[in-house]
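>>> just coords:
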């Protein structure tokens, strides 16, 4: 726009026409207005307030000042596939979706602790299984609960795989699957709701790796019911992508204020720390990049606090272990570190709502040798776009005992809402429910 302003004209009659007019003086007013609005919009990185997203000023990166609008980038878009479509349907869910939770007392099961909410879900010892426990607590505290099963769109089977794993009576994977099958058979015998849909409107939640086999001994539970699981792998034989739901794996944090470093304070290119014994791809990562001077890659604990590695790095690696999932993706998002996902066949949480390419980097396991080249090829402009998109989607990877807004619980519930349309046989009304 500057070239349009550098030539200042003296006062003349409005009807005066120079002998040799310059083209730029005859630009239509509407075109100038459009250009000005566009520069204003992208220069401040303003987002529609309806999406509750943040504005972004000009930043310093790589010792130079970079205005985000300087060079239009394909990454400079919303992290949502279609915010308006999603938000409209989400509000419909909040008003109408109903979930019925089976009460263990009604089926006379003696393993009450397997079905009851955890009394201390924020205990750090729960670690990777936090999401499994906090989902149940959030559901029971949510507005989606109904006491009338005839009103329900979905039915929750509230057994905890993590609690089963820690019970010496049913510790093994074999006994866990037998327990779940027996429990489901009892539900189908004593109550009519499972049989009316073949289990297609029923779901259970698990974040323990043994949970993927929990339904293996009950045909309808395995084939029809919805598995809400952290171990959401396309390659997992008991996970069905179009039927099941990917659950975000989040580490327990009682205080969830997100304090993060700005881009110019992130001096390290990438960070990873974790055990390598159960993962060939992690072993390869350490072999290739363990001694790199620009990245902090550790096979085991880092020599500095774990959170510090996330805060001082531009990119943070999620590398699959025994399963495709770990809490590192949510850790990276929490700390404002762009996730780098090295985990083939990972069905990422909320992928039908979130465009993961707008705030993360995906690298095929076989291309790990090109990791550094890939990260260095990302422009400052693209990095800034991904970095600030993280702040727009952080709320979706936070759990609350009483669910709030667009948090992990409601986002997971939305995935169930999308799967609610099933045909049922008529339900008999005489089973003690009013």
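Done, it's in. Values in this document were obtained by computation on a predicted structure and should not be read as measured data.
>>> Who are the contact partners of residue 93?
413, 414, 417 (Cβ atoms under 8 Å, 6 or more residues apart in numbering). Placement of C-beta: from N, CA and C, glycine included.
>>> Assumed it was part of a helix.
Yes: assignment of residue 93 by DSSP: H, G, I helix; E, B strand; the rest coil places it within a helix.
>>> for the chain, longest helix please?
Taking DSSP state H as the criterion, the chain has its longest helix at helix 173-190.
>>> which residues touch that one?
102, 106-107, 109, 111, 157, 159, 161, 164-165, 169-170, 194-195, 199, 204, 210, 213-218, 220-221.
>>> Let's test this: mean pLDDT of it, rounded?
Across helix 173-190, pLDDT averages out at 93.
>>> so where do the helices sit in the stretch 201-350 of the chain?
219-223, 280-289, 306-311, 328-334 (DSSP state H, counting those that start in this stretch).
>>> about what we covered before: among the contacts of helix 173-190, name the ones in strands.
Members of these lying in strands (criterion: DSSP state E): residue 204.
>>> I'd like to know how far the spatially most central residue of the chain sits from residue 112.
For the chain, the residue nearest the mean C-alpha position is residue 349 (4.4 Å; Cα atoms, centre = their mean). Distance, residue 349 to residue 112, by Cβ to Cβ, to the nearest Å: 30 Å.
>>> what about stretch 347-356, start to end distance?
11 Å (Cα to Cα, to the nearest Å).
>>> And stretch 378-389, what's buried?
Buried residues in stretch 378-389, counted by 16 or more other Cβ atoms under 10 Å: 378, 380, 381, 382, 383, 384, 385, 386, 387, 388, 389.
>>> do the same with stretch 160-175
Going by neighbour count (16+ other Cβ under 10 Å), the buried part of stretch 160-175 is 160, 161, 162, 163, 164, 165, 167, 170, 173.
>>> who's in contact with the first one?
Put plainly, it is residue 160. 114, 115, 118, 132, 133, 136, 206.
>>> which among those residues end up buried?
By 16+ other Cβ under 10 Å, those give 114, 115, 118, 132, 133, 136, 206 as buried.
>>> Find the nearest non-adjacent residue to the second one, please.
What sits nearest to residue 115 in space, not counting adjacent residues and going by Cβ to Cβ, 6 or more residues apart in numbering, is residue 104, at 4.1 Å.
>>> quick one: contacts for the one you found?
111, 112, 115, 116, 158.
>>> Show the end-to-end separation of stretch 190-205, please.
22 Å.
>>> just how off-centre is it within its chain?
27 Å (Cα atoms, centre = their mean, to the nearest Å).
>>> hang on, the earlier thing: out of the contacts of residue 104, who's nearest residue 319?
residue 158 (32.9 Å; Cβ to Cβ).
>>> how about the residue lying closest to that closest one once chain neighbours are set aside, phi and psi?
Spatial nearest neighbour of residue 158, excluding adjacent residues (Cβ to Cβ, 6+ apart): residue 115 at 4.8 Å. According to degrees, to the nearest 10, the main-chain angles of residue 115 amount to phi -110, psi -20.
>>> surely residue 115 meets residue 161?
No: the pair residue 115 / residue 161 is not scored as a contact, 11.9 Å apart, by Cβ atoms under 8 Å.
>>> In the stretch 51-200 of the chain, where is pLDDT below threshold?
51-76, 105-109 (pLDDT under 70).
>>> Now the helix or strand that contains residue 389: average pLDDT?
Of the helices and strands defined by DSSP states H and E, residue 389 is found in helix 380-393. In this model, helix 380-393 carries a mean pLDDT of 96.
>>> what helices or strands is that helix leaning on?
When contacts are defined as 3 or more Cβ pairs under 8 Å, 6 or more residues apart in numbering; DSSP states H and E, helix 380-393 packs onto strand 59-61, strand 64-66, strand 338-342.
>>> Determine the three-state secondary structure at residue 134.
helix.
>>> List the residues that contact residue 361.
Counting by Cβ under 8 Å, 6+ apart, residue 361 has contacts 315, 338, 339, 340, 341, 374, 375, 378, 386.
>>> Among those, name the buried ones.
315, 338, 339, 340, 341, 375, 378, 386.
>>> could I get those residues as JSON lines with distance to residue 144?
Listed next are those as JSON lines, based on distance: Cβ to Cβ, whole Å:
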{"residue": "315", "distance to residue 144": "37"}
{"residue": "338", "distance to residue 144": "33"}
{"residue": "339", "distance to residue 144": "29"}
{"residue": "340", "distance to residue 144": "35"}
{"residue": "341", "distance to residue 144": "30"}
{"residue": "375", "distance to residue 144": "41"}
{"residue": "378", "distance to residue 144": "40"}
{"residue": "386", "distance to residue 144": "33"}
